[in-house]
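>>> fold the following for me, if possible:
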Amino acid sequence: MPDINYYWPGDSLWHRLDPRSKMLAGFFICLLLLQTRAPLILLALVLLTVCCLLVSRVPAGVYYRSFRIFLIIIFASMGFNYLAAMHQETAATINGIAGMDCNALVQSAMLGARIACIILIMLLFSFTTSPVALINSAARIFNPLEKIGLPAGELQMIMFIAYRFLPLLMRESQNIREAQLCRGIDISTGPPFQRVKKRLALIVPLMHRALLGAEQLAESMEARAYIPGQVRSSWRFTGFNTSDYIVIGFSIIIFLGLGFQ
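This is a model prediction of the structure:
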């Protein structure tokens, strides 16, 4: 079962950056990916994304195992975009139809490249950012919200729990599925209606595991004297260094240089 949000320990440039600088740089690159309509600029952004993945020193197989679950979304989006482009274009001659097909294919390929790059940037952030560093940075982002009455501490705790529980639930569902396979129950075979009924059988044990894990988490938080709204200390403190300013400045320059071409 691939992990959507899993930290891969390392000592690369991306591992050493502050999570806030990675968020900001990723935001500018994703915004540029959505904005650009030039194929050459999009190709340059694809190459930039690949270079960032190589700099992270995370094995390519790790990226692939998490990326493959999004392939069906990418290809489905490309297919719908191709059909929409073909429907909008009108041509009467053979040459016009050929040109229409080429234009629709280019638009679909560009859409697939945009979605793939955005997903890979999200995976890059996830694999190079530890949960502790992410929550500490989120606390600094949410702290100003306390001045307007929003519970910043509770928001960061909710985000941390959701961030960690999603891969745990995925592993639990995989364990339950493997246990059913050992009992001779294969949810991937049979007519569609039977497959749906078999998959629904996963929900009851999965919900039981989720509620049990939530109860254990609540007991451990209570044992550690967690009080909502109380100011708490942090073991690690994050901050910007020279690399963070360089990455942010480089992303802004790329956005301003390529975004207005």
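
>>> just give the number of residues close to the nearest residue to residue 33 once chain neighbours are set aside.
Residue nearest to residue 33 in three dimensions, not counting chain neighbours: residue 114, with 4.9 Å by C-beta to C-beta, 6 or more residues apart in numbering. Backbone N, C-alpha and C define where each C-beta goes, glycine included. Other residues lying near residue 114 total 20 when counted by other C-beta atoms under 10 Å.

>>> pretty sure residue 114 is touching residue 35, no?
No: at 9.9 Å, residue 114 does not count as touching residue 35 under the criterion of C-beta atoms under 8 Å.

>>> about what we covered before: and the residue nearest to residue 33, what element?
helix 94-127 (DSSP states H and E).

>>> can you list the weak-confidence ranges in the stretch 101-250 of the chain?
For the stretch 101-250 of the chain, residues meeting the criterion pLDDT under 70 lie at 101, 152, 187-188, 229-238.

>>> which residues sit against the host helix or strand of residue 256?
In this structure, residue 256 sits in helix 242-259 according to DSSP H and E. With C-beta atoms under 8 Å, 6 or more residues apart in numbering as the contact definition, helix 242-259 has outside contacts at 13, 16-18, 20-22, 24-25, 28-29, 31-32, 35-36, 41, 44-45, 48.

>>> could I get the full set of helices for the stretch 51-200 of the chain?
Along the stretch 51-200 of the chain, the stretches classed as helices by DSSP state H, counting those that start in this stretch are 60-67, 71-88, 94-127, 131-142, 152-182, 192-200.

>>> the third one packs against which elements?
Spelled out, it's helix 94-127. The helices and strands touching helix 94-127, judged by 3 or more C-beta pairs under 8 Å, 6 or more residues apart in numbering; DSSP states H and E, are helix 19-35, helix 39-56, helix 60-67, helix 71-88.

>>> between the ones you listed, which one is nearest to residue 163?
helix 19-35 (11.9 Å; C-beta to C-beta).

>>> circling back to that earlier point, tell me the buried residues in the helix holding residue 256?
For helix 242-259, burial by neighbour count (16 or more other C-beta atoms under 10 Å) applies to 244, 247-248, 251, 254-255, 258.

>>> and for stretch 170-187?
Of the residues in stretch 170-187, those with enough neighbours to count as buried (16+ other C-beta under 10 Å) are 170, 172-173, 176-177, 180, 187.

>>> how about stretch 51-60?
For stretch 51-60, the neighbour count (16+ other C-beta under 10 Å) marks 52-53, 56, 58 as buried.

>>> just the CA trace of the helix or strand that contains residue 211, in PDB.
With elements taken from DSSP H and E, the one containing residue 211 is helix 203-223. Output for helix 203-223, consisting of C-alpha atoms alone and laid out as PDB, is shown next (Å, rounded to 0.1, in the frame of the first residue of the first chain):
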ATOM      1  CA  ILE A 203     -15.600  -0.600   6.500                       C
ATOM      2  CA  VAL A 204     -16.700  -2.300   9.800                       C
ATOM      3  CA  PRO A 205     -13.300  -3.500  11.000                       C
ATOM      4  CA  LEU A 206     -11.600  -0.400   9.600                       C
ATOM      5  CA  MET A 207     -14.000   1.900  11.600                       C
ATOM      6  CA  HIS A 208     -13.400  -0.300  14.700                       C
ATOM      7  CA  ARG A 209      -9.600   0.100  14.300                       C
ATOM      8  CA  ALA A 210     -10.000   3.900  13.800                       C
ATOM      9  CA  LEU A 211     -12.200   4.400  16.900                       C
ATOM     10  CA  LEU A 212      -9.900   2.200  18.900                       C
ATOM     11  CA  GLY A 213      -6.900   4.300  17.800                       C
ATOM     12  CA  ALA A 214      -8.700   7.500  18.500                       C
ATOM     13  CA  GLU A 215      -9.500   6.300  22.100                       C
ATOM     14  CA  GLN A 216      -5.900   5.300  22.700                       C
ATOM     15  CA  LEU A 217      -4.700   8.700  21.400                       C
ATOM     16  CA  ALA A 218      -7.200  10.500  23.700                       C
ATOM     17  CA  GLU A 219      -5.900   8.500  26.700                       C
ATOM     18  CA  SER A 220      -2.300   9.200  25.900                       C
ATOM     19  CA  MET A 221      -3.000  12.900  25.500                       C
ATOM     20  CA  GLU A 222      -4.800  13.000  28.800                       C
ATOM     21  CA  ALA A 223      -1.900  11.100  30.400                       C
END
